[in-house]
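Visitor: sequence first, then the predicted structure:
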Amino acid sequence: MGSRWNNAALIGLGILAGIAASMQFSALAQKPVEQGLPLEELRQLADVYGLIKSDYVEPVDDRKLLTEAINGMVAALDPHSAYLDQKAYRELREGTEGRFVGLGIEVVSTDDGYVRIIAPIEGSPAERAGLRAGDVITRMDGVSVQGLGLDETVKRMRGEPRTKVALSIVRSGLAQPFDISVMREEIHQRSVKARMVEPGYAWLRIAQFQEPTLEDLVKQMLKLYAENPDLKGLVLDLRNDPGGLVQGAIGVAAAFLPRDVEIVATNGQLAEAKQTFYSRPEFYSLRGEDALARLPAAVKDLPLVVLVNGGTASASEIVAGALQDYKRAAILGSQTFGKGSVQTIRPLLKDTAVKLTTARYYTPSGRAIQAKGIIPDFAVDEWPDGDLNDLRLREADLERHLRGEGGAEPAPARSAAELAAAARLAAARKPVDYGSAADFQLQQALRHLKGQSVQLSRSVAARYGQLERHP
């Protein structure tokens, strides 16, 4: 299998690419075209269109040709820009409400035409069926996915609830492919869940930023304080959170920060793309009221650790970056995905739209997230004897990705031999049960909250000669 990826998409329970992007549904004024249209290239486009209409082996529908031309033009920009037809646009809007139909996997296409799973979405049919990050889908219902293209593959994964799709899977560390059957489902995804994990210490997980996220966070925090009014610390778990609505991210960061501080800034070509977002209701409220007003005042000073990994992307990186810049929380885990670009949804005619990258994100201190991500304060592996997160692809791995500020990007940190060893380790282990007693990163976060030493990543130890770090 190839090791590079040509395109990226998130099919949160079957939807088309885009739910993991930090999205803004708006109609910003377009920047006027400063130069004349490239007439020669437009004539060439018209010539190709005419040749296809007159010479192709069979008639081709005009609408199909023009739609595919738009699709290709937008998709050539970066992995997160896309043309959304009526169905894709409807599914994207439904996705922000937490309603999905499909399998529940985040996928990318490989350079040899297959489909690689970034991660199964928590609680999805794919996760229950045993699919893992890094698995490669080669056949679907007996048909090879090679050459189908990512969009067509995604369409075939979608379907009616309670119908099955048969997948052929290649998994690193296993000598032979295997077949697995996954039931399509309609699922109302829980954005936030929380519980007490030790007396005085709570764990709160955000799986994805949706419209109900802030309301759900407030409800969960009120339940935690009702159960234990004297909370000593909170672990905010953003691992494998692919992002979502930026307003939700601003609100979550604002829950733990003072009012009126900067949460994130954006910069792009348009004047309207040069914005700064603050911890005020007008920047995070989607329903006209300040949900955070119901939070106990003690939340602002509650000791906090944020868990992140290579699946922490986009809106979740905004939260981690803001809390890190203000030293409000210790960030623990591994380097995040590095998806630091803004996608704006531009509605078009006939209920279609373009999802277009319009700006880059910057943390309050001015750090660009794009293609780099958030570096944790405490680099801690998933397991005591090694980390599997570096098997994940990141933004900088994607073809045509938008480069980071100044063009600088981090170099790969692991050799081919190290990756192969991690692949063998991954094949032999079950995925981490987040929030459980066996969750090593969570246990290290609790140690930090208690003022105890933290076991650092072994790769960090190899560089710096230490296995523990004290708060």
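Guide: Great, that's in hand. Just so it is clear, the structure is predicted and the values come from calculations on it, not from any experiment.
Visitor: Tyr83 belongs to a strand?
Guide: Yes: applying DSSP: H, G, I helix; E, B strand; the rest coil, one finds Tyr83 inside a strand.
Visitor: so who does the nearest residue to Ile105 once chain neighbours are set aside touch?
Guide: Sequence neighbours aside, Ala126 is the residue nearest to Ile105 in space, at 4.5 Å (criterion: Cβ to Cβ, 6 or more residues apart in numbering). The way it works is simple: take the backbone N, C-alpha and C, and place the C-beta from them, glycine included. If you count contacts by Cβ atoms under 8 Å, 6 or more residues apart in numbering, Ala126 has them with Leu103, Gly104, Ile105, Ile117, Pro120, Val182.
Visitor: what's the farthest-apart pair in the residues you listed?
Guide: Maximum pairwise distance among the contacts of Ala126 (Cβ to Cβ): 11.4 Å, between Ile117 and Val182.
Visitor: could I get the full set of helices for the chain?
Guide: For the chain, the helices defined by DSSP state H occupy 39-55, 62-75, 86-96, 125-129, 150-157, 213-227, 246-256, 281-284, 315-325, 416-427, 440-449, 458-464.
Visitor: for the ones you listed, give me CSV that also has distance to Asn267 and mean pLDDT.
Guide: Below are the helices of the chain laid out as CSV (distance: least, Cβ to Cβ, whole Å; pLDDT from 0 to 100):
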stretch, distance to Asn267, mean pLDDT
helix 39-55, 29, 93
helix 62-75, 21, 91
helix 86-96, 24, 77
helix 125-129, 36, 90
helix 150-157, 29, 81
helix 213-227, 25, 96
helix 246-256, 14, 97
helix 281-284, 17, 96
helix 315-325, 14, 98
helix 416-427, 34, 62
helix 440-449, 33, 98
helix 458-464, 32, 55
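Visitor: of all these, which lies closest to Gly373?
Guide: helix 315-325 (6.3 Å).
Visitor: which elements pack onto that closest one?
Guide: helix 246-256, strand 262-267, strand 304-308, strand 330-333 (3 or more Cβ pairs under 8 Å, 6 or more residues apart in numbering; DSSP states H and E).
Visitor: okay, the angle between it and strand 304-308?
Guide: Counting by axes from the mean of the first three to the mean of the last three Cα atoms, to 10 degrees, helix 315-325 lies at 140 degrees to strand 304-308.
Visitor: what sits against Arg259?
Guide: Here Arg259 is in contact with Ser279, Arg280 (Cβ under 8 Å, 6+ apart).
Visitor: one more pass at 10 Å, please.
Guide: The neighbours of Arg259, taking Cβ atoms under 10 Å, 6 or more residues apart in numbering as the test, are Tyr278, Ser279, Arg280, Pro281, Leu292, Lys300.
Visitor: so what pairs up with the first one in the strands?
Guide: Residues in a beta bridge with Tyr278, per DSSP bridges, are Glu262.
Visitor: surely it meets Gly251?
Guide: No: applying Cβ atoms under 10 Å as the test, Tyr278 and Gly251 come out as separate, 11.5 Å apart.
Visitor: which neighbours do the two have in common?
Guide: Applying Cβ under 10 Å, 6+ apart, one finds that Tyr278 and Gly251 are jointly contacted by Ile263, Tyr284.
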